[in-house]
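Peer 1: Give me the fold of what follows.
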Amino acid sequence: MSQNLHVCSLPYKDTSGFPKLAPNASRCRRLLRNFRKFLAMDPNNTKCKLFFRNRSSLIAEQRRHARSPYYFVIHPFSKLGSFLELTFFFIWFYSIITMPLDFDKTQLPDACIFIDNYIVIPVQYLLVISFFFLGYEDKKNKEIVIDPKKIICHYLKTYFFFDLISSDYSIIISDKFFNRSSISELSQFKLKVVRSILQMFCYYVRIGTLLDYGNGFCHSLKLSREYRFIHFYITKTYFFIHMLACLLYFVPEVVYAEDFPKETWLYQAKIQPKGRRNLIHVYSECILMSTCYFLGASQGNYRISVAIDEMCLSVVTLFGRLYTLFLLADVLRMFGIASVSESRYEQRLTQLEEYMSSKKLPEHLRNRLLKYYEYKLQKRYFNEREIISTLSEHLRTELFLFSARKLIQKASIFRTLPKATLGTIVASMKSETYSPRDVIISVGAVVEDVYFISSGTVAVSNEDGLELCHLEDGDEFGITTFLTENVQRYAHVAVEATEVFYINKSLFLGFIQTHSESMKVFEATVKKRLTSYEQIEEHVKKGGVDLLSELHAGLILERLLKRPIPED
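Peer 2: Numbers count the residues shown, from 1 in each chain. Next up, the predicted model:
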């Protein structure tokens, strides 16, 4: 187990946001609730850890979806969403690879025909329908969209028609049209080839989505960044070579449908459309030719003298050169050379690695430092002090107010203060980010500051090490020392990466003492917090069972038990 992992000893609390079921709820209602959880956000989803900075924002998103009227919308970070992404990846991957083979189904094995007709086609249409109910991630605004109208408009504007055309069902419809029409056999043949090229293009419009889903699947398997990068580009390169190999075969087939010249490379390789051919041999020859010109490795085994072959291979060569440049740019970006911000961030990480090696730090401490850097800088390096020092006093105050907006919204003490006083308090605060398991306040310490949680979770424990509760966004701590002569009786430890604002107690009291209502609220909060700690501590020390927590967790009445019936 990772040494950075907080092992919580508090009773389990359901954070899904769904209303509690009655103890005598029917099995149907339980199944419905479980199905809704299947549609709701899964906090263990790998994407959640990348999208949300802390647990509190994750829980807020869970509740937003659960309590919205759009309960039928599939959250993109849900278990069902992950299943749909994985299904999409395998179905589209299979379809892209086998799409050229569908042109001549007479040579396909019965197993492939069965898979196409009874698995691929139905699943493709189920996926198309489900995408109208699948929320999406707005990366620009960094939010999850679950509004059905926006989801439908977004899908119609982006991928719907491409998904519809690329589906195998479009082949069935077009074949029926060709059979009923009076078009000549030669024209039908050319139209089918053009249809295959169009279908292939529609498949490749989705190549970015396909690769993203595959990369997400590898990430969920906890594969390293380097392995995922290699896997991503091997798959991407193969897809493009495969596409160009199909074009090398289909384009001459359209141009020379009746009279195939003997000078073409297809005729020299004995894989011309009208001849007897083996699909595996045809595919291997096309892939080899495409790879040679795509990578610039050689000119292949055949003499190129026909204009259409020269044009197609020129396109393959040009595409290969452009792709190589993009690949080089991505490699440079991965190592932090392409972007100045990322480069300086990578340089900082390199310095950190050298520092940790020279100090011979243990593995768990190395991981904590790396996690702290990633959370604090968000993979971008900037000098915050230098930026803030160039701002005017008014802009600096506005910036601090915006940075502490969640804190201002959730902390009860701040709601009663005038905006001018509030701005002065926030501007006088300092911020600190703590890594998981960092001790913020220890038992017996003399506390001179009041702490406010901006984002994250803090565990509270007594002098015996018994965990009492968790504090989250907007909660304050260090305030109980107002009644205990500055000596801290409870330890506060960060559960996850936690951002905390703090201010000197004397300075803080000086600001709020002039506002009688705020002072009363603060004194009541201090007494309530200390009383709550003492009650929980007394209960835990007695070793009693918290029936209310077990009832909320569904451990008492929700589970149906089969009781034996005594025999007469």
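Peer 1: Show me the shaky parts of the stretch 451-568 of the chain.
Peer 2: 483-487, 541-568 (pLDDT under 70).
Peer 1: all helices of it, in order?
Peer 2: If DSSP state H, counting those that start in this stretch is used as the criterion, the helices of the stretch 451-568 of the chain fall at 505-512, 516-542, 547-552.
Peer 1: Can you lay out these as JSON lines showing distance to Gly456 and mean neighbour count?
Peer 2: Backbone N, C-alpha and C define where each C-beta goes, glycine included. Output for these, formatted as JSON lines (distance: least, C-beta to C-beta, whole Å; neighbours: other C-beta atoms under 10 Å):
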{"stretch": "helix 505-512", "distance to Gly456": "21", "mean neighbour count": "15"}
{"stretch": "helix 516-542", "distance to Gly456": "18", "mean neighbour count": "14"}
{"stretch": "helix 547-552", "distance to Gly456": "23", "mean neighbour count": "13"}
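Peer 1: Of the ones you listed, which is nearest Gly444?
Peer 2: Among these, helix 516-542 comes nearest to Gly444, with 15.4 Å by C-beta to C-beta.
Peer 1: so Ser16 sits in a helix?
Peer 2: No. Under DSSP: H, G, I helix; E, B strand; the rest coil, Ser16 falls outside any helix and is assigned coil.
Peer 1: all strands of this protein, in order?
Peer 2: Applying DSSP state E to the chain gives strands spanning 136-138, 143-145, 430-434, 439-441, 449-455, 458-461, 467-471, 476-477, 491-494, 498-504.
Peer 1: Based on its surroundings, how many neighbours for Trp139?
Peer 2: No Trp there; residue 139 is Lys. For Lys139, the count of nearby residues is 8 (other C-beta atoms under 10 Å).
Peer 1: Can you tell me how far it is from Tyr155?
Peer 2: 16 Å (C-beta to C-beta, to the nearest Å).
Peer 1: what's the answer for Cys218, then?
Peer 2: 25 Å.
Peer 1: What of Phe35?
Peer 2: 23 Å.
Peer 1: thinking again about what came up before, quick one: the helices of the stretch 451-568 of the chain as JSON lines, columns for distance to Asp473 too.
Peer 2: Shown next, in JSON lines, are those (distance: least, C-beta to C-beta, whole Å):
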{"stretch": "helix 505-512", "distance to Asp473": "19"}
{"stretch": "helix 516-542", "distance to Asp473": "16"}
{"stretch": "helix 547-552", "distance to Asp473": "21"}
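Peer 1: Quick one: closest of these to Phe240.
Peer 2: helix 547-552 (54.0 Å).
Peer 1: thinking again about what came up before, is it possible to export the strands of the chain to JSON lines including distance to Val255 and mean neighbour count?
Peer 2: Shown next, in JSON lines, are the strands of the chain (distance: least, C-beta to C-beta, whole Å; neighbours: other C-beta under 10 Å):
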{"stretch": "strand 136-138", "distance to Val255": "41", "mean neighbour count": "14"}
{"stretch": "strand 143-145", "distance to Val255": "46", "mean neighbour count": "15"}
{"stretch": "strand 430-434", "distance to Val255": "64", "mean neighbour count": "15"}
{"stretch": "strand 439-441", "distance to Val255": "73", "mean neighbour count": "17"}
{"stretch": "strand 449-455", "distance to Val255": "62", "mean neighbour count": "23"}
{"stretch": "strand 458-461", "distance to Val255": "71", "mean neighbour count": "22"}
{"stretch": "strand 467-471", "distance to Val255": "70", "mean neighbour count": "18"}
{"stretch": "strand 476-477", "distance to Val255": "76", "mean neighbour count": "22"}
{"stretch": "strand 491-494", "distance to Val255": "68", "mean neighbour count": "22"}
{"stretch": "strand 498-504", "distance to Val255": "64", "mean neighbour count": "22"}
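Peer 1: got TSV for these, with distance to Gly81 too?
Peer 2: As requested, the strands of the chain are exported to TSV (distance: least, C-beta to C-beta, whole Å):
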stretch	distance to Gly81
strand 136-138	10
strand 143-145	11
strand 430-434	31
strand 439-441	36
strand 449-455	25
strand 458-461	31
strand 467-471	28
strand 476-477	36
strand 491-494	30
strand 498-504	28
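Peer 1: Among those strands, which comes closest to Val306?
Peer 2: strand 136-138 (46.4 Å).
Peer 1: List the pairing partners of the closest one within its sheet, with orientation.
Peer 2: As defined by DSSP bridges, the strand partners of strand 136-138 come to strand 143-145 (antiparallel).
Peer 1: Right, I'll leave it there.
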